[in-house]
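Undergrad: Structure here, sequence nowhere to be found:
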């Protein structure tokens, strides 16, 4: 697997969306999944390969992001903590919170056709 | 009631009864005889507070390190709970802690819990909550409380003829599911109970409720049916849980289920809020929603009594 693991630092603050120039390949902007009320929002998103997805926990209770196939796994995220992961391979990636496993979500990764 | 005098003796005087009543406050008493719940009057309630059988305490969901608006001082309310435990007239045999000792499995949080809970000067039998096993190396809980336990921390022991089983239903949870005991622990439960007389009272304690309280919030244990089937032949089974930060009870055949309050913060009744997160209540209400429980077996009477006592009535 060629996934890039990337733990977002708590101090990172605002995630900056970077769009490459029109001349080169266009990568999708970073995409955010919010955790509110024990729910991933949006619960399912579709992104291009190469996209970094950032999860942010807005609850007063820690959560984790764990891939069902254990491709990615966050530490326990306290309030306002973030976790990010860059998806490089197309596919559907189901994940859940290992503390509250009824919380589930999916990231669908489409091939980046370069257009 | 810290200044009240609860010395021993044959029975409480009227003055002491009244004092105890003040302390018991809205503490709810219920008792089970032959599977039928009875509610008892206030005087009975007070008598039960000075019992002759085995009495132990249940404390749960201390969440050391929690500092959010629902209770910015979870350390302080745990201290209050322990201070109250120290004033119980008849010293309980021991204490059980049904998990979520800490909020984030930090060393400092485990240290704070130990410092405060040890002041009760009682043996404490722990089981982990999901908040106690989120340190990066998954070792702090087991190092401190899991010595001599099996698997992720389950074990059993006997006291006064009662068989106690501390179970772990917060480890290796599967996406989309609820709490889980796992095949290895289920096999151990069967082996542990094998050959025991059906008249042995069984007390099971674990963090997440072993009955399905509210699946939408994951409040249940998906594979508990197998464990409970193993326990069916026993005349008295009591299941004590935490996790949901409120008192709930259910009787099913010979099995009594009961959940304890947290000492840290309340959670909403099932379905009454968008999620199970910490519930912010007016400051003056907070202590009425936090507390501990005491459990008493009276030998020969096959009777069990649980008194839930809030920090403030």
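TA: Cool, the structure landed. From a predicted model like this one, the values you see are computed outputs, not experimental measurements. Residues are numbered from 1 along each chain as shown, chains lettered A, B, ... in the order given.
Undergrad: is it true that residue B:74 touches residue B:278?
TA: No - between residue B:74 and residue B:278 there is no contact under C-beta atoms under 8 Å: 9.9 Å. Any C-beta I mention is one placed from the backbone N, CA and C, and that applies to glycine too.
Undergrad: Now list whatever residues contact both of the two.
TA: B:66, B:265 (C-beta atoms under 8 Å, 6 or more residues apart in numbering or on different chains).
Undergrad: ok, the two, which is more surrounded?
TA: For residue B:74 versus residue B:278, the count of surrounding residues by other C-beta atoms under 10 Å in any protein chain shown is larger for residue B:74: 27 against 23.
Undergrad: how close does the more buried one sit to chain A?
TA: Residue B:74 sits at a distance of 12 Å from chain A (criterion: C-beta to the nearest C-beta, to the nearest Å).
Undergrad: check contacts around that residue.
TA: B:62, B:63, B:64, B:65, B:66, B:67, B:103, B:263, B:264, B:265.
Undergrad: Likewise for residue B:213?
TA: Taking C-beta under 8 Å, 6+ apart, one finds B:219, B:220, B:244, B:248, B:259, B:270 in contact with residue B:213.
Undergrad: top of those by neighbour count?
TA: In the contacts of residue B:213, the most neighbours by other C-beta under 10 Å go to residue B:259, 29 neighbours.
Undergrad: which parts of stretch A:63-82 are buried?
TA: By 16 or more other C-beta atoms under 10 Å in any protein chain shown, the buried positions in stretch A:63-82 come out as A:63-67, A:71-72, A:74, A:76-78, A:81-82.
Undergrad: what about it, how long is it end to end?
TA: Chord length of stretch A:63-82, first to last residue, is 10 Å (C-alpha to C-alpha, to the nearest Å).
Undergrad: host element of the most centrally placed residue in chain B?
TA: Geometric centre of chain B, nearest residue: residue B:58, 3.8 Å, by C-alpha atoms, centre = their mean. In the assignment (DSSP states H and E), residue B:58 maps to strand B:54-59.
Undergrad: need the next SSE after that strand, C-terminal direction.
TA: helix B:74-86.
Undergrad: now that next one: how far from the chain's centre is it?
TA: On the basis of C-alpha atoms, centre = their mean, to the nearest Å, helix B:74-86 sits 15 Å off its chain's mean C-alpha point.
Undergrad: Please identify the residues of chain A in proximity to chain B?
TA: A:37-39, A:59-62, A:64, A:66, A:68, A:75-76, A:78-79, A:94-96, A:98-104 (C-beta under 8 Å from any C-beta of the partner chain).
Undergrad: Sort out which one of the contacts of residue B:74 lies nearest chain A for me.
TA: residue B:103 (7.2 Å; C-beta to the nearest C-beta).
Undergrad: isn't the closest one right up against residue B:64?
TA: Yes - here residue B:103 reaches residue B:64: they are 6.4 Å apart, a contact under C-beta under 8 Å.
Undergrad: For chain A, what is the nearest residue in the stretch 101-250 of chain B?
TA: residue B:175 (3.3 Å).
Undergrad: what's the closest non-adjacent residue to that residue?
TA: Spatial nearest neighbour of residue B:175, chain neighbours left out: residue A:96 (3.3 Å); criterion: C-beta to C-beta, 6 or more residues apart in numbering or on different chains.
Undergrad: need the residues of chain B near chain A, please.
TA: Checking chain B against chain A by C-beta under 8 Å from any C-beta, the hits are B:68-70, B:103-105, B:130-131, B:134, B:136, B:173-178, B:215-218, B:274-278.
Undergrad: circling back: quick one: which of the buried residues of stretch A:63-82 sit in strands?
TA: Judged by DSSP state E, strands contain the following of the buried residues of stretch A:63-82: A:66, A:67, A:82.
Undergrad: just to revisit the earlier point, tell me the predicted confidence for the residue of the stretch 101-250 of chain B closest to chain A.
TA: Per-residue pLDDT puts residue B:175 at 95.
Undergrad: so where do the strands sit in chain A?
TA: A:4-6, A:31-36, A:39-41, A:44-48, A:51-57, A:66-67, A:82-87, A:91-96, A:104-110.
Undergrad: how about the ones you listed in CSV, adding mean pLDDT and distance to residue B:282?
TA: Shown next, in CSV, are the strands of chain A (pLDDT from 0 to 100; distance: least, C-beta to C-beta, whole Å):
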stretch, mean pLDDT, distance to residue B:282
strand A:4-6, 43, 43
strand A:31-36, 96, 24
strand A:39-41, 97, 27
strand A:44-48, 95, 38
strand A:51-57, 97, 26
strand A:66-67, 97, 37
strand A:82-87, 97, 32
strand A:91-96, 98, 35
strand A:104-110, 97, 35
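Undergrad: is it possible to export those strands to TSV including distance to residue B:79?
TA: Below are those laid out as TSV (distance: least, C-beta to C-beta, whole Å):
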stretch	distance to residue B:79
strand A:4-6	41
strand A:31-36	31
strand A:39-41	34
strand A:44-48	45
strand A:51-57	28
strand A:66-67	35
strand A:82-87	33
strand A:91-96	36
strand A:104-110	38
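Undergrad: circling back to that earlier point, tell me the one of the contacts of residue B:213 nearest residue B:230?
TA: residue B:220 (17.9 Å; C-beta to C-beta).
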